[in-house]
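S.K.: give me a model of this one.
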Amino acid sequence: MAPAGNNRSRLLLVVLLVTALFFITLDLRGVSLAKGSRSVTQSVLAPVQRAVSSAFSPVGNFFSNIKNFGKTKARVTELEAANAKLQAQVIFNKEIQGELTQLRGALDLAGRAGYTVVAARVIGKGSTSTFSETFTIDAGSRDGIHPDMTVIAASGLVGVVKSVTSTSAIVLLMSDPSFRIGVRIARTQSAGVLLGEGDASYILQLLDPAGTIKVGDELVSLGSDGNKPFVPGIPIGRVSSVDNSSASLTQQATVIGLTNLQTVGVVSVITKMAKQNPKDSLVPTPIPTVTVTAQPVPFTPPVLLPSTSPTPSSSPTPSSQATK
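M.R.: Numbers count the residues shown, from 1 in each chain. Next up, the predicted model:
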């Protein structure tokens, strides 16, 4: 009697041979089970594949980001440099625009008076060994600038040239406490002296004992002999208050300069005087004040129409009712 294990082996072999012959027969007849089995396999394994892909996708992205980190950092640095360059260009353009506006104003003022000027940029602000309020400009003797020349801006006087080199010059500002200039009141033609106070305000001392000063009076430069250091007719300032105290022998007033020396970036140096004195032609025209006065509307009394009262209707009297 054969062992039971051998019988099972022979049975398994027979089953495998029968199964093989079955698939061979189906294949010869054109029936394919591989495609269907693959479809079933894919349907079963697809959810597993998606889950595995979702689980390991962040890991793949992490290693990908590590690989591209150097490129990304370089790109960020490049963009930051480009942004900083654009911001610097915007600031530069605004500065140039401001300088052009100031230069246009200064040239317009000089052109109306007929002065010959040299335009220059302010390249430094500070004190020298002698004066506390000065500008340094980027034009000098090779541009035709010499000491004791009048310096103006768009609104009027800035100061006077004190020293020069071949490529630069030092300008003493009118705000310096040592600054003195002869002025004239445009309204009355009375002469006086303007004194620097170290800030935007100045002191006017009237030289004419019979002259008068009023708030709002405009001052222009009186001019010097030979037009040095000051040419005549330059707008200087406007009276803001008048000192009426009897202690002073001559009238005094506080003046506010027309030029803001803190914001000046471009100036013009007058190298040649006009053929004629501009007198008061450069005095700024004040903006007219328009006052609107409300006109009273005449009162018109309302028209009263006569009131009408309804006419009462006649009602039958008791006697007439009895007659009927």
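
S.K.: use CA for all of it now, contacts and neighbours both
M.R.: Will do.

S.K.: now the residue lying closest to Arg184 once chain neighbours are set aside: how far from Pro209?
M.R.: Leaving aside its sequence neighbours, Arg184 sits nearest to Ala191 (Cα to Cα, 6 or more residues apart in numbering; 4.5 Å). Computed as Cα to Cα, to the nearest Å, the Ala191 to Pro209 distance reads 10 Å.

S.K.: who has more neighbours out of these two?
M.R.: Ranked by neighbour count (other Cα atoms under 10 Å), Ala191 and Pro209 place Ala191 first, with 21 against 10.

S.K.: show the residue spans covered by the strands in the stretch 151-300 of the chain.
M.R.: Applying DSSP state E, counting those that start in this stretch to the stretch 151-300 of the chain gives strands spanning 157-164, 169-173, 180-185, 191-196, 201-206, 218-221, 235-243, 252-257, 266-272.

S.K.: contacts for the first one?
M.R.: Right, the one you point to is strand 157-164. 140-141, 145-152, 169-174, 229-230, 234-236, 258-259, 261, 267 (Cα atoms under 8 Å, 6 or more residues apart in numbering).

S.K.: each with direction, which strands does that strand pair with?
M.R.: According to DSSP bridges, strand 157-164 has the following sheet partners: strand 150-152 (antiparallel), strand 169-173 (antiparallel).

S.K.: Leu206 contacts Thr188, correct?
M.R.: No - in this structure, Leu206 is not within contact of Thr188 by Cα atoms under 8 Å, at 11.5 Å.

S.K.: need the contact list for Gly211.
M.R.: Thr188, Ser190 are the contacts of Gly211 under Cα under 8 Å, 6+ apart.

S.K.: return the most buried member of the strands of the stretch 151-300 of the chain.
M.R.: strand 218-221 (a mean of 28; mean count of other Cα atoms under 10 Å).

S.K.: please name the strands paired to that strand in the sheet, noting orientation.
M.R.: Counting by DSSP bridges, strand 218-221 is paired with strand 180-185 (antiparallel), strand 235-243 (antiparallel).

S.K.: ok so, going back, of all the strands of the stretch 151-300 of the chain, which one is nearest Ser9?
M.R.: strand 266-272 (111.2 Å; Cα to Cα).

S.K.: so which elements touch that closest one?
M.R.: For strand 266-272, the contact count by 3 or more Cα pairs under 8 Å, 6 or more residues apart in numbering; DSSP states H and E identifies helix 34-113, strand 116-126, strand 150-152 as packing neighbours.

S.K.: on that earlier part again, can you list the strands paired with strand 157-164 in CSV and add distance to Ala82?
M.R.: As requested, the strands paired with strand 157-164 are exported to CSV (distance: least, Cα to Cα, whole Å):
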stretch, distance to Ala82
strand 150-152, 40
strand 169-173, 38
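
S.K.: burial count for the closest residue to Gly114 other than its chain neighbours?
M.R.: Nearest in space to Gly114, with sequence neighbours left out and distances taken as Cα to Cα, 6+ apart, is Ala274 at 4.9 Å. The number of residues packed near Ala274 is 17, by other Cα under 10 Å.

S.K.: good, wrapping up.
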